[in-house]
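Enquirer: Mind looking at a prediction? Sequence and model below.
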Amino acid sequence: DGYVSRLRVQVGGFGNAVYISHPNGYTSVYAHLQRFNPRISGVVKDFQYRQQSFDVDFPLAAIEMPEKEGDIIAWSGNTGSSGGPHLHFELRDSKTEETINPQLFGIRVPDNVKPVLSGLYMYRLNGKAFSEDTPAQYFQVTGSNGNYSLNKAPVINFNNEVGFGIVAYDQQTPGGNKNGVYSIELQLDGNTIYRSVAERFAFDNSRAINSHIDYPGLIEFRRTVQKSFVEPGNPLQLYKGTVNNGIVKLTDDATHQMTYIVKDVKGNTSALTFRVRRNVQSVITDRSQPGVKTLRYADSSNYSNERVRVAIPKGSLYSDINLKYSTAARPANAYSVIHNIHTRQIPVHKNYHLWIKPDVALPAELQSKAVVVDTRGIYHGGMFENGFVKASPRVFGGFFIRLDTVAPVIRPVNITDGKNMTALKNITLKLSDNLSGIRSFRGTIDGHWVLFEYDLKTSTLWHTFEDNLAPGKHLLQFVATDMKMNSRTFNATFYK
């Protein structure tokens, strides 16, 4: 039992979502819903009309909408940024908003399948911060049903500090969905040096999963390796009993035993045992290149020259980086060269500030249309400020200045000027933008705001006719504006 404490409709994100607060101090969350039950739907729609906005997020008092076990609150769907029809379900701490592993609450999911271990990686850190230049060695893993070993490496040799990573996944049923594992433990000679447990996490730290994994490997090779060592700026609270951040440094020439113990939440366990040894002859060439400045993860950092400025707030980096900077030729229709700020293989936790100076004069009337995009064409903002265009990326990579002077495109799907819409239940439009993205949209009929629902995945909007729309001639006006305030208006008369 509980009460509906929050309702949300998003263009992306969770789409349609219901939050129910329970007396035990937890909140259950249901997202990507196809539709709400009639009562909730009425409350949401009334609020949308009062706010004159499709995108809404509002709380409810405990007395407004109590719910009992067994009540239907909504139907699962594919709204928001969903990748396919499903129910997104969470349990959260009502006070901290931390999400908690729901299977810890006794939710019974049949599961007798042990986690699958399919690869081992060793990273030669050698006293340096983990980076895209850290040498990584792959070791093939063989085995099944919880028992795994290395295929062709009786003893792994290294000469200095190393970290390990494992490729692992879990399934509830054989051949089912590949899910994350619950816990990973790494032992050295029977002593735990690393342990991660997926019990709860704070949404503010969601991006830190990029530090938990081998992010350079994901970007370059599309492989997902869970590192078993912790970068110093990683804020995740998954780690328990970690020694020396999970980094291994042997002080003798003896052979040592290492063991991975990987579990799912039901306790099904898989293990991988292998041997390691220090060998001063086992040396791999350092591939790292010098940078322009060392940026410390624990401090605010900046870099500048005559054409570019970078300001990185404290808490944005997971490890110290040796900042790489270079330029590349100016693309066609660009107003600056490409400024390569470090590398996309290194993740960033928070937005940082980037200023780029135009290499081609920007007329005063076009300065408000200047934007910063990356070499993949992704928009990162843009504000003309003291001769520079300022943006706030949350990735490293190559950036340059472009202009966004093109208004969004509105394409009518089932309406034309003068059409008789009597037999139709809704008006459907398609909406797209070429660069900065949609900032807002507004539809009116006969000058009165009407609700247009929006599916971002298909770029489709629709207004379902209200029962109180009088018969006769009506005027639809739909206005869409992008992030650089370019606007387009679509008008059509119709009969109902």
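Expert: Sure, I can see it.
Enquirer: Am I right that residue 112 is in contact with residue 267?
Expert: No: the pair residue 112 and residue 267 does not pass the contact test of CB atoms under 8 Å, sitting 10.3 Å apart. Just so you know, the C-beta spots here come from the backbone N, C-alpha and C atoms, and that holds for glycine as well.
Enquirer: backbone phi and psi for the residue lying farthest from the centre of the chain, please?
Expert: Counting by CA atoms, centre = their mean, the extreme residue of the chain relative to its mean C-alpha position is residue 472, 47.6 Å from that point. Note on residue 472: its backbone torsions stand at phi 120, psi -160 [degrees, to the nearest 10].
Enquirer: ok, now residue 365?
Expert: Dihedral pair for residue 365: phi -70, psi -10, per degrees, to the nearest 10.
Enquirer: ok now do it, which residues does it touch?
Expert: If you count contacts by CB atoms under 8 Å, 6 or more residues apart in numbering, residue 365 has none.
Enquirer: Next one: it from residue 486, what distance?
Expert: When distances are taken as CB to CB, to the nearest Å, residue 365 and residue 486 turn out to be 13 Å apart.
Enquirer: swap in residue 158?
Expert: Relative to residue 486, residue 158 is positioned 56 Å away (CB to CB).
Enquirer: okay, these two: which has more neighbours?
Expert: Neighbours around residue 158 and residue 486, counted as other CB atoms under 10 Å, are more numerous at residue 158. The numbers are 23 against 19.
Enquirer: give me the number of residues near the closest residue to the more buried one other than its chain neighbours?
Expert: When the adjacent residues along the chain are set aside, residue 158 lies closest to residue 282, with 5.4 Å between them (CB to CB, 6 or more residues apart in numbering). Per other CB under 10 Å, the neighbour tally for residue 282 reads 13.
Enquirer: Also residue 244?
Expert: As a measure of burial, residue 244 has 13 neighbours, counting by other CB under 10 Å.
Enquirer: again, but for residue 360
Expert: 9.
Enquirer: Surely the residue farthest from the centre of the chain is in contact with residue 494?
Expert: No: distance between residue 472 and residue 494: 10.1 Å, which falls outside the contact criterion (CB under 8 Å).
Enquirer: hey, C-alpha coordinates of stretch 488-496 in PDB?
Expert: Presented in PDB, the C-alpha positions along stretch 488-496 are these (Å, rounded to 0.1, in the frame of the first residue of the first chain):
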ATOM      1  CA  ARG A 488       8.600  27.900 -37.500                       C
ATOM      2  CA  THR A 489       4.800  28.100 -37.500                       C
ATOM      3  CA  PHE A 490       2.300  25.800 -39.200                       C
ATOM      4  CA  ASN A 491      -1.200  27.000 -39.700                       C
ATOM      5  CA  ALA A 492      -4.200  25.000 -41.100                       C
ATOM      6  CA  THR A 493      -8.000  25.400 -41.000                       C
ATOM      7  CA  PHE A 494     -10.000  22.300 -40.500                       C
ATOM      8  CA  TYR A 495     -13.600  21.200 -40.100                       C
ATOM      9  CA  LYS A 496     -15.000  19.000 -37.300                       C
END
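Enquirer: hmm, who's touching it?
Expert: Residues from elsewhere that reach stretch 488-496 (CB under 8 Å, 6+ apart): 407-410, 412, 415-422, 427, 429, 465, 469-480.
Enquirer: mind redoing it with 10 Å?
Expert: Stretch 488-496 is contacted by residues 406-412, 415-424, 427, 429, 431, 433, 441-443, 445, 465, 469-482 when judged by CB atoms under 10 Å, 6 or more residues apart in numbering.
Enquirer: mind checking which helix or strand of the chain has the lowest mean pLDDT?
Expert: Within the chain, judged by mean pLDDT, DSSP states H and E, the helix or strand with the poorest mean is strand 200-201; its value is a mean of 91.
Enquirer: so how far is the very next helix or strand once past that strand off the chain centroid?
Expert: Taking DSSP states H and E as the definition, the helix or strand that follows strand 200-201 towards the C-terminus is helix 209-212. Taking the mean C-alpha point of helix 209-212 and that of its whole chain, the gap between them comes to 11 Å (CA atoms, centre = their mean, to the nearest Å).
Enquirer: Give the next helix or strand downstream of helix 209-212.
Expert: Toward the C-terminal end, the helix or strand that comes next after helix 209-212 (DSSP H and E) is helix 215-221.
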